[in-house]
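K.L.:
Sequence and computational prediction follow.
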Amino acid sequence: MPLSVTVRELKASDYEAWLPLWDGYNAFYGREGPTALDPEVTKTTWSRFSNAAEPVYALVAESGGKVVGLTHYLYHRSTTRIELTCYLQDLFTAPKARGQGVARALIAAVYVAAERAGIKRVYWQTHHTNALGRALYDKVAKHHGFIVYAHDV
């Protein structure tokens, strides 16, 4: 049964509720213990959300007065579009709230924010093993078949 969820912009007072979700998101992708993000990355990421000069945004989902999900997204230029593009970079739901509409509500809220900003494309990536996430993503977006490569320099 879906939770009653409210999605809203992140507030400075949300840090204590946001951090465990952020840590859970990073752990999901293997960034914990010896491979954890440098604390400076978390500090900088958090500060970007409240910096009007940064094109990085954050939303949280609340249910029953508790923050149960987060999403971070950013706007960037593209060589294949005139308008900006929206990259939904991070999406995470608290384990106890999974499968209850939280991620769907967060994605929908990013769609609304992007549309209000005049943006016509929202995209994201996930690991191929994220079966639960992909089951939802296949319902709310189209997979275009691309494979992501990366190299740290």
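P.N.:
Thanks, I have it.

K.L.:
Do a quick rundown of the strands in this structure.
P.N.:
Using DSSP state E, the strands of the chain run over 6-9, 56-63, 66-76, 85-93, 122-123.

K.L.:
how about those strands in JSON lines, adding mean neighbour count?
P.N.:
For every residue, glycine as well, the C-beta is placed using N, CA and C. Shown next, in JSON lines, are those (neighbours: other CB atoms under 10 Å):
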{"stretch": "strand 6-9", "mean neighbour count": "14"}
{"stretch": "strand 56-63", "mean neighbour count": "21"}
{"stretch": "strand 66-76", "mean neighbour count": "20"}
{"stretch": "strand 85-93", "mean neighbour count": "21"}
{"stretch": "strand 122-123", "mean neighbour count": "16"}
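
K.L.:
Out of the ones you listed, flag the one nearest Gly133.
P.N.:
With CB to CB, the closest approach to Gly133 among the strands of the chain belongs to strand 85-93: 7.6 Å.

K.L.:
Now do the closest one against strand 66-76, angle only.
P.N.:
Interaxial angle of strand 85-93 relative to strand 66-76 (axes from the mean of the first three to the mean of the last three CA atoms, to 10 degrees): 160 degrees.

K.L.:
Just the buried positions in the worst-scoring helix or strand of the chain on mean pLDDT, please.
P.N.:
The least trusted helix or strand in the chain, going by mean pLDDT, DSSP states H and E, turns out to be helix 131-140, with a mean of 92. Neighbour-count burial for helix 131-140, counted by 16 or more other CB atoms under 10 Å, picks out 133, 136-137.
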